[in-house]
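[1] My questions concern the predicted model and sequence given below.
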Amino acid sequence: MHISLPVHVRARTLTGFAELVNRHGGDPEAMMVSVGLHPQVLGTPDAMIPFVRAAALVDLAAEMLGLPDFGLRLSEYQDVSILGPIALAARYAANVRDALQVVGRLMPYHTPGTELSLDSTASGTTCLRCALPGSEGLPARQVVELAYVLACKFLRMVTRDAGADWIVSFPHGRGTSLARYRKAFGCTVRFDQPVDALMFPSRLLDVVIDQADDELRRSAERYIANVMRRHPLDIGRQTAALVGRQLAGGQCSLELIARQLGLHKRTLQRRLGEQDLQFEDIVDGLRRERAIEYLSQSSIPLMNVAALLGYSDQAAFIRACRRWFGESPRHVRRHGPSSGKQ
């Protein structure tokens, strides 16, 4: 049996939704129920929700509140930290090109099926696109605009460039004034274009990322602080949460996780041992969990699944899959995981 699921996103995509709706006199819970979402999902940022419902919710709020720029307003409540591991990945990348490549590998964790592409031209311009297979025909203007505002924020953060000469394009028509778009994006925005894209000078790809950068450091530290606050006395869960968000970026070594927790690696090993845990087992268990999730998403190529799990090559992933399930990744994708291996 081939398993295929609809496109989903993490609930953190709706960060700030309730606050914004309340601010304008609306009822966020009623809106969520009307599109088939439980209001409690807002308190579980890592929960998966159907993309079609998230898009419909934001579109509904825009219509009911008479705010054609609702998605742009929602972006004011969000920054790159809503994507969790991306701030961490950016902080440890060598340059902007590397950071964007890591983001591209991480995005399927946040939104399975998402494809981030970079295309540079001979004229010195690079086109960044974020494609979501299966979203065609959905009422997605609001969430697409929100996504590209966040892309601009992220690119400005890692390049330290004002971005006034960048260009954002959308296939849809404009929903509000050009002045409002200019204010939100900080650059030229064009509509009725062949594709959605963010275009910027290719020279920015080679900008070296300063790991001492205050904004990147604060974003990463906010994320780590949230993990520690959710599990204040459980070093195992803190470790698992940080590892799980950084698998695809290759940033899940014992040394790095210990440093993020403010510990020496031997101290982390000892404290995990007190819970009868080993770091390697945590990593392996998370990879197995994620393998089941990603292999059920037919829109994610097998090669990408290996990268998302932090494997440097597909052969290592195939060996792990046979160890976990007794079958190849292709067989697991077609028939589901075997219950015979644990």
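    Looks like it arrived, so ask away.
[2] My guess is Y181 contacts V189. True?
    Yes. Between Y181 and V189 there is a contact at 4.1 Å, judged by CB atoms under 8 Å. Using the backbone N, CA and C atoms, a C-beta is placed for each residue, glycine as well.
[3] what about those two, which has more around it?
    Y181 (23 against 20; other CB atoms under 10 Å).
[4] dump the residue contacts of A258.
    264-265, 267-268 (CB atoms under 8 Å, 6 or more residues apart in numbering).
[5] Low-confidence regions, the stretch 51-200 of the chain specifically.
    80-92, 106, 108-113, 132-139 (pLDDT under 70).
[6] that older thread, overlap in contacts of Y181 and V189?
    R174.
[7] thinking again about what came up before, in PyMOL, how would I select just the buried ones from the contacts of A258?
    Buried subset of the contacts of A258, written as a PyMOL selection, criterion 16 or more other CB atoms under 10 Å:
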select buried, resi 268
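[8] so which of the contacts of A258 comes closest to V35?
    Among the contacts of A258, L268 lies closest to V35 (CB to CB), at 42.7 Å.
[9] correct me, but C321 touches R333?
    No. Taking CB under 8 Å as the definition, C321 is not a contact partner of R333, at 9.9 Å.
[10] any chance you could map the strands in the stretch 51-200 of the chain?
    115-120, 125-131, 167-169, 188-190, 197-201 (DSSP state E, counting those that start in this stretch).
[11] got a list of contacts for the first one?
    In this structure, residues lying in contact with strand 115-120 by CB under 8 Å, 6+ apart are 97, 100-101, 103-104, 107, 126-133, 202, 205.
[12] 10 Å - rerun?
    Here strand 115-120 makes contact (CB atoms under 10 Å, 6 or more residues apart in numbering) with 97, 100-101, 103-108, 125-133, 151, 197, 199, 201-202, 205, 299-301, 304.
[13] I would like a PyMOL command selecting only the buried ones among the residues you listed, please.
    In PyMOL, a selection of the buried entries from these looks like this (16+ other CB under 10 Å):
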select buried, resi 97+100+101+103+104+105+106+107+108+126+127+128+129+130+132+151+197+199+201+202+205+299+300+304
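[14] so what's C127 up against?
    Applying CB under 10 Å, 6+ apart, the residues near C127 are 117-121, 167, 169, 195, 197-200, 202.
[15] swap the cut-off to 7 Å and go again
    Contacts for C127 (CB atoms under 7 Å, 6 or more residues apart in numbering) come out as 119, 197, 199.
[16] so the second one touches C130, yeah?
    No. Taking contacts as CB atoms under 7 Å, A197 lies outside contact range of C130: 8.8 Å.
[17] about what we covered before: in TSV: the contacts of C127, plus distance to G173.
    Putting those into TSV (distance: CB to CB, whole Å) gives the following:
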residue	distance to G173
D119	25
A197	16
M199	19
